[in-house]
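[1] could you work out the structure for the sequence below:
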Amino acid sequence: YGSMRLRGHVAGFQLEAMAGVDIALWDLAGKLLGQPVYRLLGGPFRTALPAYASGIPGATLDERVATARRFLAEGYSAMKLSIGRGDVDSDLATVAAVAEALRGRADLLVDAHGAYSAETALYAGRAMERMGVYWLEDPLPPEDVDGYVRLSAALDMAVAAGETECTRWQFAERLARRSVDVILPDICRAGGISEGRRIATVASLHNTRWAAHVSMGSSVHVAAAAHLAAASANFLIFEFSSTPNPIGDRLLSAPLRPINGVLAVPDGPGLGISFDEARLQEHLVAA
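    Numbering: from 1, shown residues only. As a prediction, this is how the structure comes out:
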């Protein structure tokens, strides 16, 4: 990390590679000691994690509403809708339709993928507040910290961000300035379990909760984030991809996915997961 810093880098592929090594070492330590990683981290506070379905896919608005209703039937009490690829009024029409389908039955989270200007984000945020949206994620580009400060102060609804932040220092600046209400660290980008634990501690100093950003992550990503979440008092909710994932739990010898909207943290030694060797062979690439 020091070699990166001297060259002006605090994020990127080198830090992601370090995260992989860090997670592997925690897994190894747990296996050597015969303990799940969450116990090595001082936990658990919980071993059943509330999860949300990430992404409400569909080619049309009717299909997206139907998907949201299917997630309700599967037991999810929260789900996230992606917007930001069209004009803001079309986005709001989509949010309104899905929010109405979920009203009183599940929380709706909305991710704008950094697509809005400051004025548009405020307009959209106030409209979503009236619809009962639980949080607005990444409404502005991540570099616009001043914009996040103003937006978070102007909205009663929670503003969530942080998947692009990779160190405790980056999160500390955002939290000190009250630019965000919920942080979304991604431990496979942010230095692994070790730096993730430090980020969670920084958030606790600011009385702020964190949600695990996983998105289309591997099963190792899911398991590692779950162990950190289990050992964090200020953990809020876990992201789980709602679309098929070829490097997800189909590669494991036992499934790792939410049931009725709850993800059970693997309780075996280390990360508590093992791979189906035959299925792994399908992904090998010859040199």
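[2] dump the residue contacts of the closest residue to residue 144 other than its chain neighbours.
    Nearest residue to residue 144 in three dimensions, chain neighbours excluded: residue 118, at 7.2 Å (CB to CB, 6 or more residues apart in numbering). In this view, the C-beta of every residue, glycine as well, is placed from N, C-alpha and C. For residue 118, the contact set (CB atoms under 8 Å, 6 or more residues apart in numbering) comprises 140, 144, 147, 150, 151.
[3] next, count neighbours for the closest residue to residue 123 other than its chain neighbours.
    Excluding its sequence neighbours, the residue lying closest to residue 123 (CB to CB, 6+ apart) is residue 88, at 6.7 Å. Residue 88 has 19 neighbours, counted by other CB atoms under 10 Å.
[4] need the contact list for the residue most central in space within the chain.
    Among the residues of the chain, residue 213 comes closest to the average C-alpha position under CA atoms, centre = their mean, at 1.6 Å. Each residue near residue 213 by CB under 8 Å, 6+ apart is listed here: 162, 163, 184, 185, 186, 239.
[5] same check on residue 192?
    18, 19, 20, 21, 22, 23, 26, 224.
[6] let's have these in TSV, adding secondary structure and pLDDT.
    Shown next, in TSV, are the contacts of residue 192 (DSSP: H, G, I helix; E, B strand; the rest coil; pLDDT from 0 to 100):
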residue	secondary structure	pLDDT
18	helix	95
19	helix	96
20	helix	97
21	helix	98
22	helix	98
23	helix	98
26	helix	98
224	helix	98
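[7] and these, which are buried?
    Neighbour counting by 16 or more other CB atoms under 10 Å classes 18, 19, 22, 23, 26, 224 among the contacts of residue 192 as buried.
[8] if we can go back for a sec, need the contacts of residue 192 in TSV with distance to residue 95, can you?
    Putting those into TSV (distance: CB to CB, whole Å) gives the following:
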residue	distance to residue 95
18	38
19	33
20	36
21	40
22	37
23	35
26	38
224	32
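[9] what's around residue 259, how many residues?
    By the criterion of other CB under 10 Å, residue 259 has 12 neighbours.
[10] can we start the residue count at 8 from this point?
    I'll keep to 8 as the first residue from here, and by that count the last item is residue 266.
[11] quick one, strands of the chain?
    In the chain, the strands defined using DSSP state E lie at 55-61, 85-89, 114-118, 142-144, 165-168, 189-190, 216-219, 242-248, 269-271.
[12] partner strands of the first one, with direction?
    Right, the one you point to is strand 55-61. strand 85-89 (parallel), strand 242-248 (parallel), strand 269-271 (antiparallel) (DSSP bridges).
[13] next, the buried residues of the longest one.
    Right, the one you point to is strand 242-248. Neighbour counts using 16+ other CB under 10 Å place 242, 243, 244, 245, 246, 247, 248 of strand 242-248 among the buried residues.
[14] tell me the contacts of the second one?
    The neighbourhood of residue 243, defined by CB under 8 Å, 6+ apart, consists of 57, 189, 216, 217, 218.
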